[in-house]
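Asks: Sequence below, structure please.
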Amino acid sequence: MADHTNKQFDVDLENVRSQFLQMGGVVEAMIAEGLEALTSGDMSLVDKVREREREVNRLEVYIDERVANILARHQPTAIDLRMLMAVSKMLTDMERCGDEAEKIATMSRRIHEGEARHLPIIELRHMTENVLAMLRQALDAFARLDAVQAAQVVRSDKEVDKEWKATLRHLITYMIEDPRTISRAIDLIFIARALERIGDHAKNMSERVIYMVHGADVRHTGVKNTERLARGEAAEPRGEKESPIASEPQ
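Replies: Here you go, the predicted structure:
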């Protein structure tokens, strides 16, 4: 009987993992299609993004229910419990990534349906590629329980933040120099901001992966300490007011 229960637990756990990875794949497609709608003007992509957003919402509810059922039926401990707790938190971040991708698609439609003669020239493809890479790496780290790769995503978020700030400065300059660009520049600011937020959510999910693997809460510890904890090393003290973070036993 116990063997049967253990097998069912493994099946349920793997189902949660695979469904979460599927959800991540849908969100990746949404982000790519949202930007493609902006650059190509293909508005059919906006409709695709909205269809995918409904799929993301369905998966969020489904996975959340499965997690609750596993916790109630099997009462897991150690790393399995940490994984379920992490997935429960990561679901929110992934769903919000989908929301941001829908915003990108909506703004893309607004730009192309509006007056485009005074559109500021700004390149967002590189920032999008960086954000997509972060999301893929976060999902890969989750799939392989790779805390070191997860820490790399946390570091990558710094670069995305720099790109967001540079984009904002450029668009403000366009608006000051040519007020006719203000309306479209604001739409582009919303798109760039959505990309930056997706990067934040990918970072959050990567921090959860490190928690899954080592039981260490790396939020607000700084990039260097995150990397140390991801390698299984002790964190360096960051001041008297901050107590060191100890890892849970495996």
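Asks: Using the three-state scheme, assign the closest residue to residue 224 other than its chain neighbours.
Replies: In space, and not counting its chain neighbours, residue 224 is closest to residue 236: 7.2 Å by C-beta to C-beta, 6 or more residues apart in numbering. All C-beta spots, glycine's among them, are computed from the backbone N, C-alpha and C. Here residue 236 is coil, with the state taken from DSSP: H, G, I helix; E, B strand; the rest coil.
Asks: so residue 236 sits right up against residue 226, yeah?
Replies: No - using C-beta atoms under 8 Å, residue 236 makes no contact with residue 226, being 11.2 Å away.
Asks: more crowded one of those two?
Replies: Legend: neighbour count by other C-beta atoms under 10 Å for residue 236 and residue 226, higher for residue 226 (26 against 11).
Asks: Could you give the average pLDDT over whichever strand or helix holds that one?
Replies: Here residue 226 sits within helix 223-230, counting by DSSP states H and E. In this model, helix 223-230 has a mean pLDDT of 92.
Asks: How far off centre is that helix?
Replies: When distances are taken as C-alpha atoms, centre = their mean, to the nearest Å, helix 223-230 is centred 19 Å away from the chain's centroid.
Asks: got it, and stretch 127-138?
Replies: That offset, for stretch 127-138, works out to 8 Å (C-alpha atoms, centre = their mean).
Asks: same thing with stretch 12-29?
Replies: 13 Å.
Asks: model confidence over the helix ranked longest in the chain, on average?
Replies: In the chain, with assignment by DSSP state H, the single longest helix is helix 2-40. Helix 2-40 comes out with an average pLDDT of 90.
Asks: What residues of that helix count as buried?
Replies: Of the residues in helix 2-40, 9, 12-13, 16, 19-20, 23-24, 26-38 count as buried by neighbour count, 16 or more other C-beta atoms under 10 Å.
Asks: hey, which helix or strand in the chain has the poorest pLDDT?
Replies: helix 2-40 (a mean of 90; mean pLDDT, DSSP states H and E).
Asks: which element follows it toward the C-terminus?
Replies: helix 44-74.
Asks: now for that following helix, which elements pack on it?
Replies: Helices and strands touching helix 44-74, by 3 or more C-beta pairs under 8 Å, 6 or more residues apart in numbering; DSSP states H and E, are helix 2-40, helix 78-113.
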